[in-house]
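**Q** Here's a sequence, model it:
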Amino acid sequence: MDFLRWEMDFIGQKRAERLSQVIIVLFAAVGWIYGYMVQKYSMTVYIGGAGYVLALLLCSIPWPMYQMNPVKWRKPEVVSTAGVDTVDTPKGKKKKAAGKDK
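**A** Modelled structure (predicted):
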């Protein structure tokens, strides 16, 4: 049931944000021009609102097009030697865990 995942990867988030910006600006510009032509401010608001609702439906739901690049997480590595817990650091050095001085 891959289609039920409610998560979005980082590239999908960028794509959704950019798409929502384009939709809202496009509908706002078209609404402003049409509202000016018919001399009704309410038409500008309605068209802008329709663009906002369309962007909400297309960009806030994690559709499969936003899940194409899943993040592959690494497993944490914890090493225990002689009762002293140590954690591997990125440079390979080992540090003592906090609170294990005595």
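**Q** how close does the residue nearest the centre of the chain get to Val71?
**A** Nearest to the geometric centre of the chain sits Gln13, at 3.3 Å (CA atoms, centre = their mean). As defined by CB to CB, to the nearest Å, Gln13 lies at a distance of 11 Å from Val71. (Each C-beta comes from the backbone N, C-alpha and C, glycine too.)
**Q** just to revisit the earlier point, any idea which helix or strand comes after whichever helix or strand the residue nearest to the centre of the chain is part of?
**A** Remark: Gln13 resides in helix 10-38, with elements defined by DSSP states H and E. Using DSSP H and E, the helix or strand that follows helix 10-38 in sequence is helix 41-59.
**Q** tell me the angle of that next one relative to helix 10-38?
**A** Interaxial angle of helix 41-59 relative to helix 10-38 (axes from the mean of the first three to the mean of the last three CA atoms, to 10 degrees): 160 degrees.
**Q** Which neighbouring elements make contact with helix 41-59?
**A** For helix 41-59, the packing partners by 3 or more CB pairs under 8 Å, 6 or more residues apart in numbering; DSSP states H and E come out as helix 10-38.
**Q** Can you list the helices and strands that the helix it packs on packs against?
**A** Checking 3+ CB pairs under 8 Å, 6+ apart, helix 10-38 ends up next to helix 41-59.
**Q** what separates the helix it packs on from the chain centre, distance-wise?
**A** Distance of helix 41-59 from the chain centroid (CA atoms, centre = their mean, to the nearest Å) equals 22 Å.
**Q** just use 31 as the starting number from now, easier for me
**A** Sure thing, new numbering starts at 31, so read that last one as helix 71-89.
**Q** tell me which residues of it are tucked away?
**A** Using 16 or more other CB atoms under 10 Å as the test for burial, helix 71-89 gives Met73, Thr74, Ile77, Gly78, Gly81, Ala85, Cys89.
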